[in-house]
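[1] My questions concern the predicted model and sequence given below.
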Amino acid sequence: MADSESLLKLREVQALVEIENILKRTFEESKKLTMFDQRFVDGRSSCQRVGGFAHHTCHDPKPRYQLSWEKDLQGCFEDLAPTDVNYEKLPKEILRGIFEYLEPSDLQKVILVSKCWKSVADEPALWKDFDLPYKCRKSEVKFMEFFQKSISSKLQNLWLENFSFQLNDDHFKNLLSLDLNCLIIGNIDLFNISDEYLAVVVNNSKRCEIIEYDSELKTTNGNSINVLGLNKLKAIFRKMESGTKLKSLELNCLSNYGKKLDLSFVPSITLANAFNKLESLELCEVKLKPDQLKTIFDNMSVSTKLKAFKLERLNFDSVDIKIFDMAFSNFIELNLNGLSLDKVELIHLAENLDESCKLKTLILSDINVTEVSPRLLARVVTKVSFVGLYSVKITVDQLEQIFQSICTSSSAIKQLELSDIDDIAYIREMNPETLAKGINKLDFFDFESVGKDVFTEDQTKAMFRVMSQGTNLKMLGTTYNVKSLELMDNVKKVDPEILAEAIHNLEEVKLDMESSHLTMPQYIAIFKKFGHKSKIKKLCSQEGDINL
């Protein structure tokens with residue numbers, strides 16, 4: 001529609017006509033626009049409520065002239081009696097939605113209001129962030145007082161670290177009946193805790209993380225100990241073997257001196273039975289013997305609940321890589337970090353994943369994959385929905401093949417993250433069209449963390465040109481790390497109209513507005529596109545988010 005036709009249509013709107021007539025009135029006629037009291041109509045009171053006007057407040061005076069769409073109230077609808085709002089009758093779904101915004105300290109008060117509110121506020125999901133109060137870590141008296149209150153049963157998260165007093169069995173007795181969502185055992189002296197008590201608390205949790213540190217701790221009598229020690233670890237795994245509520249276990253060692261969390265003394269079958277009762281397992285900087293690894297993976301290949309598995313910096317010397325063959329076929333998520341595999345082992349692992357892969361998530365970190373053929377690596381990567389390649393040594397031919405394969409109809413990959421690639425120049429050497437088409441076939445692509453000036457000018461222009469013609473991308477970056485458009489390499493050199501068309505094909509866009517990486521014509525083109533077949537649902541900035 002031409003601009004002149006639009007103006008004619010706009011002038012025909014009744015509301016604008018009436019407003020225009022009011023503005024055209026002469027000074028004398030404007031006197032007719034005096035205010036009148038709606039309590040009186042034709043000199044008589046229109047309010048029928050008992051008690052007279054002195055006992056209530058009626059509507060404020062209104063203009064005698066009213067626009068056609070404004071309701072002309074002739075009486076007073078204000079009720080003298082207070083509105084009876086019964087919050088008990090609110091559906092539980094509404095109450096639950098409101099309570100989700102409350103902190104645990106507020107929920108403690110809510111459960112005292114009524115039985116109805118208590119039944120909703122007692123739901124464990126609302127207490128998912130409830131951790132042990134800080135004062136209970138600093139005072140033994142406060143700790144004991146807290147567990148004498150019924151509210152202690154709501155505890156969901158417990159981090160055993162940074163206590164100002166030494167824990168003993170009297171303290172741990174209060175933890176035995178807890179149904180924790182997350183338990184983290186950090187740098188803490190548990191010397192005075194019985195093995196059985198610790199095993200019960202760990203196995204009553206849904207998720208547990210055990211972290212060993214470099215430094216040895218000192219007990220009150222001056223003896224040096226490790227965080228857990230042999231007997232406590234054995235007790236935990238034996239309890240897990242016989243029955244556990246644990247779904248996720250993380251074993252880690254934070255060391256700058258090559259120290260590892262030593263599990264070599266735990267019987268192989270005990271470890272195997274314990275691990276196979278979990279749904280998620282992370283073994284980071286853990287010491288295991290070859291026979292333990294073989295027993296663990298043999299059992300996984302027969303029967304396991306494990307769906308997510310992470311291996312970080314494990315020593316596979318004297319271990320036949322074929323022990324992974326059947327085990328890996330059961331996993332949904334696989335994270336391999338810093339594994340020292342030779343060429344034969346790495347190719348065998350890739351072939352195994354290619355043949356029997358059911359993975360939805362694959363993360364490779366700090367691994368040299370240059371010996372794997374480009375086609376084999378591309379097949380493995382494009383069979384998985386989410387792929388993260390972090391600090392991976394890779395060739396330009398392998399990257400080219402991956403992005404070519406992404407463009408095929410058989411590709412299942414939806415999200416690709418590249419971070420700290422060993423040689424950024426390899427990405428800059430890629431064909432701009434291949435890179436652009438591959439990126440726009442994905443739902444999410446994380447690129448910023450790779451480094452500065454990752455993409456050449458031609459690559460950036462090709463990326464936005466393809467995006468302007470249609471894209472699967474929902475945003476630049478990921479849902480948990482949306483990338484600012486201004487920080488995109490060479491974005492300033494993209495044609496404003498092409499950039500605007502491309503950006504409005506996304507669902508979420510982040511504009512910092514303070515950076516000089518975009519030109520004024522680019523900003524103007526982007527904002528002029530709003531309302532014209534834009535797919536943008538959310539606009540993010542440093543000042544906040546706007547849902548469109």
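    In hand now; what should we look at?
[2] contacts and neighbour counts: CA atoms only from here.
    Will do.
[3] where's Arg96 relative to Asn252, distance?
    Here Arg96 is placed at a distance of 37 Å from Asn252 (C-alpha to C-alpha, to the nearest Å).
[4] hang on, I meant Val113
    Look at Val113 and Asn252: by C-alpha to C-alpha, they are 44 Å apart.
[5] Please apply the same query to Lys260.
    8 Å.
[6] pLDDT score assigned to Ala125?
    The confidence metric pLDDT takes the value 83 at Ala125.
[7] which residues touch it?
    If you count contacts by C-alpha atoms under 8 Å, 6 or more residues apart in numbering, Ala125 has none.
[8] that older thread, please say which of Arg96 and Asn252 ends up with more neighbours.
    It is Asn252, of Arg96 and Asn252, that has more neighbours when counted by other C-alpha atoms under 10 Å, with 20 against 16.
[9] Which of the three states applies to the more buried one?
    The three-state assignment at Asn252 reads strand, by DSSP: H, G, I helix; E, B strand; the rest coil.
[10] Pretty sure it sits against Leu261.
    Yes. Asn252 is within contact range of Leu261, at 6.7 Å (criterion: C-alpha atoms under 8 Å).
[11] where do the contact lists of the two overlap?
    Between them, Asn252 and Leu261 share the neighbouring residues Glu212, Glu285, Val286, with contact defined by C-alpha under 8 Å, 6+ apart.
[12] Check the spacing between the nearest residue to the last one once chain neighbours are set aside and Cys540 real quick.
    Just to be clear, that refers to Val286. Using C-alpha to C-alpha, 6 or more residues apart in numbering and skipping the chain neighbours, the partner closest in space to Val286 is Leu261 (4.7 Å). When distance is defined by C-alpha to C-alpha, Leu261 is 43 Å away from Cys540.
[13] Would you work out how far apart the start and end of stretch 118-125 are?
    Start-to-end span of stretch 118-125 (C-alpha to C-alpha) is 14 Å.
[14] Give the buried residues for that stretch.
    Along stretch 118-125, these residues count as buried under the neighbour rule (16 or more other C-alpha atoms under 10 Å): Lys118, Val120, Ala121, Asp122.
[15] Please apply the same query to stretch 98-109.
    If you call a residue buried by 16+ other C-alpha under 10 Å, then stretch 98-109 has these buried ones: Phe99, Pro104, Leu107, Gln108.
[16] what ranges of this structure fall below the confidence cut-off?
    The chain contains residues with pLDDT under 70 at 1-85, 214-227, 256-257, 422-425, 448-453, 514-516, 542-548.
[17] Throw the buried residues of stretch 118-125 into TSV and include secondary structure, thanks.
    Putting these into TSV (three-state DSSP) gives the following:
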residue	secondary structure
Lys118	helix
Val120	helix
Ala121	helix
Asp122	coil
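[18] Next, work out how far apart Leu155 and Asn187 are.
    Relative to Asn187, and taking C-alpha to C-alpha, Leu155 is found at 21 Å.
[19] what residues do Lys260 and Asn252 have in common as contacts?
    Between them, Lys260 and Asn252 share these contacting residues under C-alpha under 8 Å, 6+ apart: Glu212, Glu285, Val286.
[20] Skipping adjacent residues, who's closest to the first one in space?
    Spatially, and ignoring its direct neighbours in sequence, Glu212 is nearest to Cys253 (4.5 Å; C-alpha to C-alpha, 6+ apart).
[21] same check, this time on the second one
    Spatial nearest neighbour of Glu285, chain neighbours left out: Lys260 (5.1 Å); criterion: C-alpha to C-alpha, 6+ apart.
[22] For that neighbour, grab the count of nearby residues.
    Residues near Lys260, counting by other C-alpha under 10 Å, number 20.
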